[in-house]
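Participant: how would this look folded up:
(chains A and B)
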Amino acid sequence: SQTIHQWPATLVQPVGSPLSLECTVEGTSNPNLYWYRQAAGRGLQLLFYSVGIGQISSEVPQNLSASRPQDRQFILSSKKLLLSDSGFYLCAWSVGAGRNQPQHFGDGTRLSIL
Amino acid sequence: SQQGEEDPQALSIQEGENATMNCSYKTSINNLQWYRQNSGRGLVHLILIRSNEREKHSGRLRVTLDTSKKSSSLLITASRAADTASYFCATMDSNYQLIWGAGTKLIIKP
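Facilitator: Next up, the predicted model:
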């Protein structure tokens, strides 16, 4: 069966510090991968998605970047965090082929910027 | 951009009652999906309904889709305390991306 791992679960970082959040998927090949941010009490905002190694699409201009160095690894990074980067970050995957497929989520990382 | 809008924003009912949540959207879709999120956790997929389907069932869940009204409803029958969560609808657009609503917070009182 497929599983998705996202870590860390919580993170407290000072303004201006770097960030690296990692997400890995097991049990499937060539998945579509997604990074979302969720503000408190709100829906999900798509930040990045990837359909293959090295292929990253950004949905909104921001202080963050994403990379996919391996087929089942997706990394969210920042060189200098801003207060506005605080939030709940979720990684998800879906089957690479086929339009009518659900997304499967990790347990999220709660990021607090001080 | 946020396309789906859930209604109501919050719903509190007694255990055993049925819960109905609605979702409206604005543009044409490939499918509409419902997810559940327990507090502080990731989202769990519940049901996917394609644009050419009108109704779908899964256990105590029933989803309807009316493309002429651009709306969907999620019915949870015989609610349980464990159903307490936030429920989100998401529509898949022509670019195969999911557009999410702000969610309905459901509280089941024992």
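
Participant: The nearest residue to residue A:62 once chain neighbours are set aside: what secondary structure?
Facilitator: Residue nearest to residue A:62 in three dimensions, not counting chain neighbours: residue A:47, with 6.9 Å by Cβ to Cβ, 6 or more residues apart in numbering or on different chains. C-beta here means a position set from N, CA and C on the backbone, and glycine is covered the same way. Assigned by DSSP: H, G, I helix; E, B strand; the rest coil, the conformation of residue A:47 is strand.

Participant: Please name every helix or strand in contact with the helix-or-strand element of chain B with minimal mean pLDDT.
Facilitator: Across the helices and strands of chain B, mean pLDDT, DSSP states H and E gives its lowest value to strand B:5-7, namely a mean of 83. Judged by 3 or more Cβ pairs under 8 Å, 6 or more residues apart in numbering or on different chains; DSSP states H and E, strand B:5-7 is in contact with strand B:19-24, strand B:85-92.

Participant: again, 7 Å this time
Facilitator: In terms of contacts (3 or more Cβ pairs under 7 Å, 6 or more residues apart in numbering or on different chains; DSSP states H and E), strand B:5-7 is packed against strand B:19-24.

Participant: in the strand it packs on, what's buried?
Facilitator: Of the residues in strand B:19-24, B:19, B:20, B:21, B:23, B:24 count as buried by neighbour count, 16 or more other Cβ atoms under 10 Å in any protein chain shown.

Participant: cool, stretch A:106-114 as well?
Facilitator: For stretch A:106-114, by 16+ other Cβ under 10 Å, it's A:106, A:107, A:108, A:109, A:111, A:113.

Participant: still on that earlier bit, after the least confident helix or strand of chain B comes which helix or strand?
Facilitator: Moving toward the C-terminus from strand B:5-7, the next helix or strand (DSSP states H and E) is strand B:10-14.

Participant: quick one: that next one near chain A?
Facilitator: No. Figure legend: strand B:10-14 not in contact with chain A (Cβ under 7 Å from any Cβ of the partner chain); closest approach 9.9 Å.

Participant: which residue packs closest to residue A:91, ignoring adjacent ones?
Facilitator: Closest to residue A:91 by Cβ to Cβ, 6+ apart is residue A:23, at 3.4 Å.

Participant: Okay, and the beta partners of that neighbour?
Facilitator: For residue A:23, the beta-bridge partners are residue A:6, residue A:74 (DSSP bridges).

Participant: pLDDT at it, what is it?
Facilitator: Per-residue pLDDT puts residue A:23 at 97.

Participant: doesn't residue A:6 make contact with it?
Facilitator: Yes. Counting by Cβ atoms under 7 Å, residue A:23 touches residue A:6, with 4.8 Å between them.
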